[in-house]
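Visitor: Curious how this folds, go ahead:
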Amino acid sequence: MARQASADPSWRRIAALLVSRRIDLDPRYRNRRVFCREKKIEYRVISDIEGARRTNFSTPMITAIEVAYEVAEGSIKAALADSSIKRLPERRTRQTAGTTSSQTRTNPDIPQSVSLPDLEEWEQHIWLTPDLTVEQRRAAIHFVRLQRGDLAGDSKALLHLSNALNQMVARHLAREQDPPQAS
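Guide: Residues are numbered from 1 along each chain as shown. Prediction:
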């Protein structure tokens with residue numbers, strides 16, 4: 001049995017705004033499956049919200065939907081409360097924690113080859129995390145990419161990740177075998 005659209009006009013309006021936004025992002029996104037695959041979000045979630053078939057999305061899911069549609073944080077909740085909103089505001093591209101391009105180039109913790117403004121927000125966050133070495137940052141990025149399935153066919157990245165993991169396990173095992181002596 002097909003699920004019915006919500007009788008709530010606010011959710012039907014959100015659905016229309018999201019469909020419009022999806023197509024505005026990229027003409028290829030007329031195909032919802034392409035959008036879901038590229039944005040790494042479940043088809044069922046997008047189908048439910050665009051069809052106004054479900055209204056009980058968790059706060060983290062609403063945030064994930066806003067990220068996928070590249071709309072401002074909190075814009076779905078605001079549009080549900082305010083029927084005068086005719087277009088969801090776009091997510092502003094942050095210059096990562098108030099850091100400008102010129103500042104990142106002079107930051108010794110970030111290699112010259114890394115261009116923060118060109119990276120996805122999650123990867124920028126890893127590069128700006130304090131108290132990590134460059135190798136720890138690269139390993140963390142590779143772990144996330146592996147988890148997301150983005151390393152398929154990238155043998156060099158997989159070897160780098162494997163080496164980093166082997167080094168971490170070796171250090172951990174060495175500490176277990178030689179615990180620090182109490183004074």
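Visitor: any idea how far the residue nearest to K39 when sequence neighbours are not counted is from R37?
Guide: Of all residues not flanking K39 in the chain, A68 sits nearest, at 4.0 Å (C-beta to C-beta, 6 or more residues apart in numbering). C-betas here are computed from N, CA, C, even on glycine. From A68 over to R37 the distance is 11 Å, taken as C-beta to C-beta, to the nearest Å.
Visitor: higher neighbour count, those two?
Guide: Neighbour tally, A68 and R37, criterion other C-beta atoms under 10 Å: the higher count belongs to A68, 20 against 11.
Visitor: Isn't that one up against E42?
Guide: No - using C-beta atoms under 8 Å as the test, A68 is too far from E42 to be in contact (10.2 Å).
Visitor: Show me how the protein divides into domains.
Guide: 9-81, 101-177 (automatic domain parsing).
Visitor: okay if I get these as TSV plus distance to R91 and mean pLDDT?
Guide: Formatted as TSV, the domains of the chain follow (distance: least, C-beta to C-beta, whole Å; pLDDT from 0 to 100):
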stretch	distance to R91	mean pLDDT
domain 9-81	5	93
domain 101-177	9	78
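Visitor: Please identify which of those is closest to L88.
Guide: Closest to L88 of those, according to C-beta to C-beta: domain 9-81, at 4.2 Å.
Visitor: so how far is the first residue of that closest one from its last?
Guide: Start-to-end span of domain 9-81 (C-alpha to C-alpha, to the nearest Å) is 11 Å.
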